[in-house]
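**Student:** this one's sequence-less:
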Ligand SMILES: Nc1ncnc2c1ncn2[C@@H]1O[C@H](COP(=O)(O)OP(=O)(O)OP(=O)(O)O)[C@@H](O)[C@H]1O
């Protein structure tokens with residue numbers, strides 16, 4: 001498996017505080033790789049360094065074989081990053097925003113096709129601020145694809161979404177992976193990481209404390225003698241909710 005990202009002994013200090021404490025990991029090309037960890041663990045800092053948006057204190061980062069210290073501009077060309085929502089010009093509709101990005105990236109992605117892919121074709125003439133939370137996330141993910149990147153970075157993409165919108169976004173992220181794009185995602189939702197990620201790294205207080213596939217991590221825990229206290233129910237409240245309200249998106 002080709003390693004598309006290699007991070008070696010990465011350190012980030014903010015003044016005297018060491019937020020990232022010499023972590024090493026790699027991401028395989030074509031996988032969905034999750035960074036999990038509590039608030040303040042150093043996930044966003046790590047991602048932003050790899051995305052060339054934040055400086056590192058020390059360590060080595062290679063993205064598709066390119067050294068972050070030597071070729072940051074070449075790295076920018078092959079990655080897709082979600083903008084802060086304030087980055088979307090309020091006066092433009094979704095089609096116009098995609099065309100603007102096309103111009104910035106010197107690409108000619110078909111806006112209708114892209115909106116179709118993220119289930120927003122009906123919203124082509126809507127402004128970003130008029131979208132629901134799930135629609136905003138889908139549009140934001142669509143914009144990461146405009147420069148036809150090899151890797152996209154998604155920082156907590158499903159936070160605040162309802163169960164249907166989350167499941168719909170998981171399908172979209174899998175679809176993007178299946179088309180060959182590597183996906184790096186941070187999330188606080190363990191159910192999401194379990195069903196979506198091929199591998200996860202657990203990061204705590206700036207250190208990676210485990211890295212593996214979710215299944216292997218669960219098997220290892222069970223093999224160590226761990227047992228769930230409560231009897232596992234045949235269904236969850238979320239299953240009930242989905243059963244009552246249906247699987248389809250409600251925001252359209
Ligand atoms: N610009 C900054 N200046 C000083 N400290 C910072 C700065 N950015 C982040 N930190 C600190 O570094 C640590 C790691 O922050 P980071 O945002 O990377 O964590 P995170 O794992 O993404 O957290 P969350 O899950 O809450 O988003 C935190 O203790 C945070 O307060």
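**Tutor:** That came through, no problem. Just so it is clear, the structure is predicted and the values come from calculations on it, not from any experiment.

**Student:** Residue 215 - that's part of a strand, no?
**Tutor:** No - per DSSP: H, G, I helix; E, B strand; the rest coil, residue 215 lies outside any strand segment and is helix.

**Student:** Report how many residues lie close to it.
**Tutor:** A count of nearby residues for residue 215, using other C-beta atoms under 10 Å, gives 10. For glycine as for every other residue, the C-beta is placed from the backbone atoms N, C-alpha and C.

**Student:** Return the residues of the chain in contact with the ligand.
**Tutor:** By C-beta under 6 Å from any ligand atom, the part of the chain that sits against the ligand consists of 14, 19, 37, 39, 40, 41, 42, 43, 44, 45.

**Student:** Please identify the helix or strand for the nearest residue to residue 169 once chain neighbours are set aside.
**Tutor:** Counting by C-beta to C-beta, 6 or more residues apart in numbering, residue 158 is the residue found nearest to residue 169 once chain neighbours are left out, at 5.4 Å. If you go by DSSP states H and E, residue 158 is not part of any helix or strand.

**Student:** how about residue 158, phi and psi?
**Tutor:** Residue 158 adopts backbone torsions of phi -110, psi 10, taken as degrees, to the nearest 10.

**Student:** how far away is residue 35 from residue 211?
**Tutor:** 10 Å (C-beta to C-beta, to the nearest Å).

**Student:** Quick check: pLDDT value at the residue nearest to residue 169.
**Tutor:** With respect to pLDDT, residue 158 has a value of 88.

**Student:** Tell me where the model's unsure across the chain.
**Tutor:** The chain contains residues with pLDDT under 70 at 85-86, 249-252.

**Student:** Can you tell me the centre-most residue of it?
**Tutor:** Here the mean C-alpha position of the chain is nearest to the C-alpha of residue 154 (C-alpha atoms, centre = their mean), at a distance of 2.3 Å.

**Student:** and residue 223, what does it touch?
**Tutor:** Not one residue lies near residue 223 by C-beta atoms under 8 Å, 6 or more residues apart in numbering.

**Student:** Revised request: answer the last question for residue 33.
**Tutor:** 27, 182, 183, 184, 185, 197, 198, 199, 200, 201 are the contacts of residue 33 under C-beta under 8 Å, 6+ apart.

**Student:** quick one: the residue nearest to residue 169 and residue 188 touch, right?
**Tutor:** No - counting by C-beta atoms under 8 Å, residue 158 stays clear of residue 188, with 9.5 Å between them.

**Student:** circling back: what's the residue nearest to residue 169 in contact with, if anything?
**Tutor:** So residue 158 contacts 137, 165, 166, 169, 170, 187, 189, 192 (C-beta under 8 Å, 6+ apart).

**Student:** Tell me the buried residues within the residues you listed.
**Tutor:** Neighbour-count burial (16 or more other C-beta atoms under 10 Å) is assigned, among those, to 137, 165, 166, 169, 170, 187, 192.
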